[in-house]
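1. Take a look and give me a structure for this.
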Amino acid sequence: MKISRNFDLSEFACNDGTDVPAEYLPNVITLAKNLQVLRDTLKKPVTINSGYRSPDYNKKIGGASKSQHLVAKAADIRVPGLLAIEVYNVILRLIEQGKMHNGGLGLYDTFVHYDVRATSARWDFRKKK
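-> Sure, this is the predicted structure:
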């Protein structure tokens with residue numbers, strides 16, 4: 001099911017095969033609309049490494065107990081041909097311009113975490129700085 005011009009709901013399913021629960025559909029649609037802004041700006045595909053996480057899967061991989069992934073408000077993403085820091089900086093600029101929601105934004109060595117939580121949060125968990 002298409003939830004934005006370039007994103008399908010299946011891209012946000014848990015990596016253990018669990019679909020996004022129906023009660024979280026509004027969250028994942030909001031997330032996809034914001035990621036669509038990023039895709040349109042970059043004119044490149046945005047790959048979802050991790051979207052929704054079932055509680056069991058989140059626990060198995062050591063995810064945060066109150067992770068935004070648990071309610072389908074978060075995605076760990078990468079953009080082919082761009083470094084994580086480049087994607088992070090573009091999202092930061094789009095947030096500052098009011099084009100993307102000012103939620104959670106985390107930088108890792110190979111991907112960026114973006115979420116649509118109600119408050120602003122930033123972190124840098126790169127091992128290679």
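2. and stretch 47-67, how far apart are its ends?
-> The first and final residues of stretch 47-67 sit 20 Å from each other (CA to CA, to the nearest Å).
3. Of all the residues in that stretch, which ones are buried?
-> 48, 50-54, 57-58, 63, 67 (16 or more other CB atoms under 10 Å). Where you see a C-beta, it was placed from the backbone N, CA and C, and this is true even at glycine.
4. Same list, these, but as TSV with pLDDT, secondary structure and distance to Arg122 please.
-> Below are the buried residues of stretch 47-67 laid out as TSV (pLDDT from 0 to 100; DSSP: H, G, I helix; E, B strand; the rest coil; distance: CB to CB, whole Å):
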residue	pLDDT	secondary structure	distance to Arg122
Ile48	98	strand	21
Ser50	98	strand	19
Gly51	98	coil	21
Tyr52	98	coil	22
Arg53	98	coil	21
Ser54	98	coil	27
Tyr57	98	helix	25
Asn58	98	helix	21
Gly63	95	coil	19
Ser67	98	coil	16
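5. which residue ranges form the strands in this structure?
-> 47-50, 74-78, 104-107, 112-115, 121-124 (DSSP state E).
6. Deepest-packed of those, please.
-> strand 112-115 (a mean of 24; mean count of other CB atoms under 10 Å).
7. which strands and helices sit next to that strand?
-> helix 25-42, strand 74-78, helix 84-96, strand 104-107 (3 or more CB pairs under 8 Å, 6 or more residues apart in numbering; DSSP states H and E).
8. and that strand, how far from the chain's centre?
-> 4 Å (CA atoms, centre = their mean, to the nearest Å).
9. list the contacts for the residue nearest the centre of the chain?
-> Centroid check for the chain by CA atoms, centre = their mean gives Ala75 as the closest residue, at 2.1 Å. For Ala75, the contact set (CB atoms under 8 Å, 6 or more residues apart in numbering) comprises 12, 31, 35, 48-51, 69, 113-115.
10. which one of those residues sits closest to Val87?
-> Tyr114 (8.9 Å; CB to CB).
11. quick one on the thing from earlier: between the strands of the chain, which one is closest to Val90.
-> Here strand 112-115 is closest among the strands of the chain (CB to CB), at 9.3 Å.
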